[in-house]
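J.: quick one: sequence plus predicted model below, questions after.
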Amino acid sequence: MSQSVRRAARIVDSIAAEPKTVVQLATEFDLHRSTMFRELQSLEEVGYVRRRHDGTYSLGLHLAALAQASLDSIDLREAGTEHARRLQQAVGNTVHIAALMESAIIYAVKIEDAGGTRMYSSVGARVHPNCSGAGKAILAGLDDRQRDAVLQTATWTKYTDSTITTRAELDAALVDVARQGWAADDGEFEDFVNCVAVPIHSSVGVVGALSLTAIRMREDLDQLKTRIPLMQQTAARISRELG
């Protein structure tokens, strides 16, 4: 991938997280303002970003349309959405379905707890493979080649005291995940959030994961673990639909 394409992709990722001005983006990417302005103009011309009235840039409508088309093509989204909604109604927690798409793991479904705190995650966003329950539930079912491909983009950033920051530590944790059949995020990305996740399989192997997420003050990890059998039943239903 060329440097310019890689930088454009990183700019889009940055704007996706939060609308930003030319000055903010120039500072973030260590570019002159005029250079960043030209980058944004190019992205705006193809509909990937748009300039808002307050001077910030956000994702463009064409990119949103492409993202929706991509999501609509994911079999797991079609097979799992209604099951995820029923699970959320039964347990009350925020429910995610993450999908393995070649060498990336993305959120394909999110059914949010209407009465709880909003989660950082969003449909279409990448899942942190080393510090999320869904990421680890999927990684544990992959062979070495597939796992290597997914982890090529892992940043190993230490978000909290619990974050796994080395491949050796992650591989050791995945042995336990594979053995027990579920994974957990014990405050590894945000220290006030925890989740549990179970894999979703199809005839070709692991294709995704189903997770429950909660604010630690409302529900701790032990409480979430009591819902794993129900999650596994839901994942099995989704798997049967996938074939």
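T.: Structure's in. What do you need?

J.: contacts only, for Ile105.
T.: Ala98, Ala99, Arg126, Val127, Pro129, Ala134, Gly135, Ile138, Val150 (C-beta atoms under 8 Å, 6 or more residues apart in numbering). Placement of C-beta: from N, CA and C, glycine included.

J.: so how far is Ala137 from it?
T.: 10 Å (C-beta to C-beta, to the nearest Å).

J.: before we move on, what about Arg38?
T.: 42 Å.

J.: those two: which has the busier surroundings?
T.: A direct count of neighbours by other C-beta atoms under 10 Å for Arg38 and Ala137 places Ala137 higher, at 30 against 12.

J.: distance of that one relative to Gln180?
T.: With C-beta to C-beta as the criterion, Ala137 and Gln180 are 10 Å apart.

J.: quick one: buried residues of stretch 192-199?
T.: Using 16 or more other C-beta atoms under 10 Å as the burial criterion, the residues of stretch 192-199 that qualify are Val193, Asn194, Cys195, Val196, Ala197, Val198, Pro199.

J.: ok but the third one is inside a strand, no?
T.: Same thing as Cys195. Yes - the assignment for Cys195 by DSSP: H, G, I helix; E, B strand; the rest coil puts it in a strand.

J.: next up, the contacts around Thr153.
T.: Residues near Thr153 by C-beta under 8 Å, 6+ apart: Ser103, Ala104, Arg126.

J.: now the strands for the chain?
T.: 49-51, 57-59, 94-101, 104-111, 183-186, 193-202, 205-215 (DSSP state E).

J.: and of those, who's closest to Ser14?
T.: Closest to Ser14 of the strands of the chain is strand 57-59 (C-beta to C-beta; 9.5 Å).

J.: which other helices and strands does that closest one contact?
T.: Helices and strands touching strand 57-59, by 3 or more C-beta pairs under 8 Å, 6 or more residues apart in numbering; DSSP states H and E, are helix 3-17, strand 49-51.

J.: again, only this time at 10 Å
T.: Counting contacts by 3 or more C-beta pairs under 10 Å, 6 or more residues apart in numbering; DSSP states H and E, strand 57-59 is packed against helix 3-17, helix 22-29, helix 33-45, strand 49-51.

J.: how about JSON lines for those, with distance to Leu174 added?
T.: Shown next, in JSON lines, are the helices and strands packed on strand 57-59 (distance: least, C-beta to C-beta, whole Å):
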{"stretch": "helix 3-17", "distance to Leu174": "26"}
{"stretch": "helix 22-29", "distance to Leu174": "33"}
{"stretch": "helix 33-45", "distance to Leu174": "37"}
{"stretch": "strand 49-51", "distance to Leu174": "37"}
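
J.: most packed of these?
T.: strand 49-51 (a mean of 20; mean count of other C-beta atoms under 10 Å).

J.: out of everything not next to it in sequence, what's closest to Lys225?
T.: Nearest non-adjacent residue to Lys225, counting by C-beta to C-beta, 6 or more residues apart in numbering: Val196, 5.9 Å away.

J.: surely the one you found and Asp220 touch.
T.: No - the criterion here is C-beta atoms under 10 Å, and Val196 misses it with Asp220 at 11.1 Å.

J.: what sits in contact with each of these two?
T.: Asp186, Ala214 (C-beta atoms under 10 Å, 6 or more residues apart in numbering).

J.: picking that back up, out of the contacts of Thr153, which are buried?
T.: Arg126.

J.: which of the contacts of Thr153 sits closest to Arg52?
T.: Arg126 (24.1 Å).

J.: is that closest one in contact with Asp13, as I believe?
T.: Yes - counting by C-beta under 10 Å, Arg126 touches Asp13, with 8.5 Å between them.

J.: which regions of this protein lie under the pLDDT threshold?
T.: Where the chain drops to pLDDT under 70, the residues are 1-2, 64-74, 114-121.
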